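J.: got a structure for you, letters missing:
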């Protein structure tokens, strides 16, 4: 049986997921498309889904005969469409953020709990990266209980629109999710250090930053966020445990000897870094959706990420002062 | 449109390809199964292809409404089924060897030439390994024209049935194909050195061996074949060019610090090493088959591998004396 | 001309320096020995300096015909002997600490300034480690102006006498000196984070710790201090600059493939890590002493290390609150 | 007691050894200098040995009150001066080659045997390289009995005077010595492969080459010699044993991230690669000379290297045909 998928939002990521479902992955087909700009949906239809129907209204798409929904539209609309998919009882893959406010994420959790089963997967693709998966295994096999994490998230450059809080909401957000997944733990406080600013950072951006997070189990995490690092796109993560250390692998690269340098290329485009994780996360979604439910990162994970990100932004603003992070008890649905 | 695939031979690799087509890859479905042992085909049907029809006769399967054929049966039968698929005008993916003799491979080439278009892909999956693909790119970008290759193919151990010539036909065969693909070149001679035998090698196996191949362009290649190396499954390849060197990456692994060792795991099972290459080669086959043709390693490649392997076995027997490798001109179909 | 050296304190390090001068390095000879325990001095004489005279009084040794003095005695006595050597106008190599209090270090600075030339070298040997020397060069050549440093100082284990402040005075002290030398900068604040305690740390030791130092130029440094890390003795230092990153090399080690692990040994004994640095620092001292002066780490460096260490201990005690570090202007003698 | 050393030949290496003895190492002093060109000796005296006496005749130097002799003169003169030193009963360090012919080396062996104790050390410094020393230890600890060695000796470029046989006499000679020391074994045959010539090699030089050596114990060794490799000076050595593999470390280098490359510098000047080995070999010589004898590589080692090199040159000339290497029994003095 081939699963019928509706895609809401056919920008870059929506188009890419459509291609993925129709040309790469087994078991599903994009049969419905919607975009606030109809021309976008037509372009996506032409390139990747010639048999798909275009809906001018996302709610009509959700109400149609699709079996599951991908929400890839503008962040402000996520909450509305995810709630509609839940109301329709349809599995729903939602790109991050799940909602633009913690309050919005909480409404989604409430709706999903009311249904009594998982229907929402949030697009935190790093959990599907083979490197992080192996790192999580190494925590179990090698390091012993984690005590510290040293991490870094570096971009070569960012545009003029990227201002200081975006270092949290658009960049650190990935570490916020993947590190608590690695640790099976939650954050209790955040503190931000601002080193001397890089001369490459524009006026409205303080860059780099070091965010120190502490967890309920007492793990101390330092994450360097440096989005004008110039040299490449580079994700580092090292877990220091009671017995040893495990480190995220460098991306696969040819080692060369040339011009007096023993070297290997560093990626420069973030899109290349987790390229296979997108395949894996969506395959996981399709597999669960075929059973009428959802897998992977939950709405609760989306909510926790939102609460933590808010605390980190507050910590940016109260520079140097730790900010507490308080979470309600995790609902049983998400255990 | 979903491509209908018939699988001949549902042993380990046939079952795995069936799973791959039905559960992993987009665009095709296994609709027909055949095995010399019907119970095998039933087991494959039950696990991976519940809707597939079982054929007791491989020729009937080829003649049925399948769009393309996978030949995964015992090596002795490959030639017969590939010729039948060509006669039926159906794209055909054939696991190695294409034929058990160079003569047999030549008959397949003749048949394919008679049809006038490519229908056969041989299962040399290493060409699809991201490491080798990147290495080939590095030859273009970094090393300059190749002068030498240092390679190694190491298995932790082999069974009692694995005798000296199998080091060529089952092991070196992968290097034979992938190195000439990397170099875009052909071999002109082979010589074999036998170091002192490993005490772990059984009576009928001389192990390790060093095979020295020379190419038409004058590249000298040394390949260590060591199938009782004990420590792991390890594939090495280093290309030395006029300007620099490029080396096949180690498989992705977590770097750990533990027990006074900075280490990373080495694979021990060959099945894990090129696991994603199987997906890529088959996706490539399905894509070409949808257009009624074949891609990837050709019947000519299968033939050249057979001729080269025969020369290497002759070189084993005439220990220390180089054996010449003569090939006819490459037919235009394979340019 | 052979320089005559007197060694005060013939414990482990004093004996080792005696051996170094008499058996390894050119240009000097230990001619005088003193130890609070005469038997120690006799043992050193027997093993490494048969021609040396034993003095029961360190001041008599300083006053004798020795050209230069090594102070390797108990830390509490350093200030007294260094001041005596300065008074005698003799170059003096003093193992760390220069003095047990910042006040004591300041008295030494005053005495040296009164003489008007450098006579004191402090035994911060890391500045002579070829790795750190290369790292300093890389800051100049590759990284651009530093913005952050990520460092770690890990010991496999410590004894029962090692209590929390010793993580600063005995362990972090090396980073305190070498990082400001790398950066050519001084510290302005210190903050300490205590992750969950390692179960291997005894009752009177909080371990691990993360010390965050900020410098006058705005560099933010995080140093993990983990003295029960179990797996080895491991020193890490990574400098993140405006243009790129440079990392301290791992100590030289054979890469092996064995038992499914691609690995290299990690040192477990701190004495092996900087073993050649001791040769280099002492050679540098002897060279300067032959000219009647001193080179390498200055009394001022010893003073700054003391002040910074005091602030770090205060930061340990006021857990989580940053502690300011105020330094007087650097005297011209030390520019 | 300070050992009095006479240096014959004050070219680059003779001057460097003089500096080493007088400024770096403990226990000896260069008191006598000789060079065929007196101005050279005067320059060496001025720079490194102001108290040394200049001898116009090397034999007069040997006959003077020096305790030991360094032969650093032109290769053609080595045999004569080494024989004179032996006749004088004085320990003698001789730069390679020990003699320009195997016959000459044999005469030295005979003379040393007649004396009945070792007096000669040959300047094969690689045995003192910490990397090779660690590699030899790894053979004992990790690899099990060696079966194969893969090695490479690469120079960025060579001058017009460097012709094909020099790839053996000046370049491979180091592998010839150090590999049999690593293996504790001797060679029984040599074969040379010539890949396509590098366009950077001049007319009278075939470059690169692959030399295959077999040992008495059955180890097969392939050594790539490539003296126009362009990218750097690079020495590789990997030992494949029954149980595992050990590899010579890369020289210490800072790992940098810069310009989309994760890299470390490769040396380009051979003089930097084994720079500390020269210190260690000479310290070892001085230590033995103080006891009236010699340590390290023996005259026998120099003889075996000469015989092996001759066979390799013969193998170059009979391209592709193996050349046998026959050695007399090793005299007891060298066990």
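T.: Here it is on my side, so go on. These numbers come from a predicted model, not from an experiment.
J.: quick check, residue A:245 in a helix?
T.: No - under DSSP: H, G, I helix; E, B strand; the rest coil, residue A:245 sits outside any helix and is assigned strand.
J.: can you count the residues close to it?
T.: 29 (other Cβ atoms under 10 Å in any protein chain shown). Bear in mind the C-beta positions are built from the backbone N, C-alpha and C, glycine included.
J.: what's the nearest residue to it if we skip its chain neighbours?
T.: residue B:257 (4.1 Å; Cβ to Cβ, 6 or more residues apart in numbering or on different chains).
J.: specify the local secondary structure of that neighbour.
T.: Assignment for residue B:257 (three-state DSSP): strand.
J.: first to last residue in stretch A:107-124, what's the distance?
T.: Stretch A:107-124 has an end-to-end distance of 19 Å (criterion: Cα to Cα, to the nearest Å).
J.: list the buried ones in it?
T.: A:107-109, A:111-113, A:118-124 (16 or more other Cβ atoms under 10 Å in any protein chain shown).
J.: next: stretch A:144-161.
T.: A:144, A:146-156, A:158.
J.: so of the buried residues of stretch A:107-124, which ones are in helices?
T.: A:107-109, A:111-113 (DSSP state H).
J.: and the buried residues of stretch A:107-124 as JSON lines, adding pLDDT and distance to residue C:309?
T.: Formatted as JSON lines, the buried residues of stretch A:107-124 follow (pLDDT from 0 to 100; distance: Cβ to Cβ, whole Å):
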{"residue": "A:107", "pLDDT": "97", "distance to residue C:309": "53"}
{"residue": "A:108", "pLDDT": "98", "distance to residue C:309": "51"}
{"residue": "A:109", "pLDDT": "97", "distance to residue C:309": "49"}
{"residue": "A:111", "pLDDT": "98", "distance to residue C:309": "56"}
{"residue": "A:112", "pLDDT": "98", "distance to residue C:309": "54"}
{"residue": "A:113", "pLDDT": "97", "distance to residue C:309": "54"}
{"residue": "A:118", "pLDDT": "98", "distance to residue C:309": "53"}
{"residue": "A:119", "pLDDT": "98", "distance to residue C:309": "57"}
{"residue": "A:120", "pLDDT": "98", "distance to residue C:309": "52"}
{"residue": "A:121", "pLDDT": "98", "distance to residue C:309": "51"}
{"residue": "A:122", "pLDDT": "98", "distance to residue C:309": "46"}
{"residue": "A:123", "pLDDT": "97", "distance to residue C:309": "48"}
{"residue": "A:124", "pLDDT": "98", "distance to residue C:309": "42"}
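J.: just name the shakiest helix or strand of chain A by mean pLDDT.
T.: helix A:270-273 (a mean of 94; mean pLDDT, DSSP states H and E).
J.: how about that one and chain B, touching?
T.: No - using Cβ under 8 Å from any Cβ of the partner chain, we find that helix A:270-273 stays clear of chain B, coming within 11.9 Å at best.
J.: what does that helix rub up against?
T.: Under the contact criterion Cβ atoms under 8 Å, 6 or more residues apart in numbering or on different chains, helix A:270-273 has outside partners A:155, A:233, A:235, A:251, A:267.
J.: out of the buried residues of stretch A:144-161, the closest to residue C:132 would be?
T.: residue A:150 (20.0 Å; Cβ to Cβ).
J.: residue ranges for the strands of the stretch 201-335 of chain A, please.
T.: Under the criterion DSSP state E, counting those that start in this stretch, the stretch 201-335 of chain A contains strands at A:209-215, A:220-226, A:234-241, A:244-247, A:255-258, A:261-265, A:323-324.
J.: show residues contacting the last one.
T.: Right, strand A:323-324. A:188-191, A:311-312, A:314-315.
J.: picking up where we left off before, wait, which of the buried residues of stretch A:144-161 is closest to chain B?
T.: Nearest to chain B among the buried residues of stretch A:144-161, counting by Cβ to the nearest Cβ, is residue A:144 at 9.0 Å.
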